[in-house]
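> Here is my input; please provide its structure:
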Amino acid sequence: MSILIGGMVLFFSTHFARVFFPDLRENLIKRFGVMGWRGLYSVISLAGLGLIIWGFGEARQAPNVVWVPPFAFLHVAATFMLFAFIFLAAAYLPAGRIKAALKHPMLISIKIWAIGHLLINGMLAEMILFGAFLIWAVMAFIAARKRDRAEGKVYAAGPMRNDLIAIIVGTGVWTVFITFLHEWLIGVPLFF
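Down below sits the predicted model:
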């Protein structure tokens, strides 16, 4: 469990920096340049992610069961994940009404992903991992909205076809992920 927690500390230290120290990013960019900042951020984040994956794998070998979720929650989580994939697609595609309404659809996607996984996973390591991502996404969303208000940022709605593209892409990736990739990448087969 210590490797998992160490990885999370490393990973979230970069991601929480902007929440707790809003000027840190700009100061490091001034000091190291944009590419230096991106390199440092990426190396720390990837090292943390690697430790999270390693630590989570080890923690799953000796599970501490906190609760046993009801089987029906699998379907609820699958539905949550459909929306998470659609919102994630909307975050990286040209703006539509989804992006304009949600403002930060990637962070909403992470919140939905974390909640969905908290519903269906009852081991301590899983609850710590998904709970930490949920806390980070909530705090990052609040900080991002605060920055938006301070900057007077407005998210203009693009054409509805961009939403349709996000829905099609998100649904397609969700289908492939739950059918094939989840078991292959994560090692956990889903109910299909």
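> Please tell me how far the residue positioned nearest the centre of the chain sits from residue 45.
For the chain, residue 110 is the residue whose C-alpha lies nearest the centre (Cα atoms, centre = their mean; 3.4 Å). Residue 110 is 14 Å from residue 45, where distance means Cβ to Cβ, to the nearest Å. Any C-beta I mention is one placed from the backbone N, CA and C, and that applies to glycine too.
> rewinding a little: isn't the residue nearest to the centre of the chain right up against residue 137?
Yes: counting by Cβ atoms under 8 Å, residue 110 touches residue 137, with 4.1 Å between them.
> Please name the residues that touch the residue nearest to the centre of the chain.
84, 133, 134, 136, 137 (Cβ atoms under 8 Å, 6 or more residues apart in numbering).
> Looking at neighbours, which among those is most surrounded?
Compared across the contacts of residue 110, residue 84 has the highest neighbour count, 25 neighbours, by other Cβ atoms under 10 Å.
> if I look at that residue, how far off is residue 73?
Distance from residue 84 to residue 73, by Cβ to Cβ: 15 Å.
> ok, now residue 107?
Residue 107 is 23 Å from residue 73, by Cβ to Cβ.
> Let me know the closest of the contacts of residue 110 to residue 94.
Among the contacts of residue 110, residue 84 lies closest to residue 94 (Cβ to Cβ), at 19.7 Å.
> Same question for the strand or helix carrying the closest one: list its buried residues.
In the assignment (DSSP states H and E), residue 84 maps to helix 73-92. By neighbour count on 16 or more other Cβ atoms under 10 Å, the buried set for helix 73-92 is 73, 77-78, 80-91.
> Identify the residues contacting that helix?
Contacts of helix 73-92 (Cβ under 8 Å, 6+ apart): 96, 98-99, 102, 104-106, 108-110, 112-113, 115-117, 119-120, 162-163, 165-167, 169-171, 173-174, 177-178, 190-191.
> Now list the buried members of those.
96, 98-99, 102, 104-106, 108-110, 112-113, 115-117, 119-120, 162-163, 165-167, 169-170, 174, 177-178, 190.
> Just after the helix or strand that contains residue 140, pick out the following helix or strand.
Element membership for residue 140, per DSSP H and E: helix 124-151. Once the chain leaves helix 124-151, the next helix or strand it forms, by DSSP H and E, is helix 160-176.
> List the buried residues in the helix holding residue 140.
125-130, 132-134, 136-137, 139-141, 143-144.
> now, which of the residues you listed sits nearest residue 66?
residue 127 (6.0 Å).
> who's in contact with the residue lying closest to the closest one once chain neighbours are set aside?
Nearest non-adjacent residue to residue 127, counting by Cβ to Cβ, 6 or more residues apart in numbering: residue 66, 6.0 Å away. For residue 66, the contact set (Cβ under 8 Å, 6+ apart) comprises 122, 123, 124, 127.
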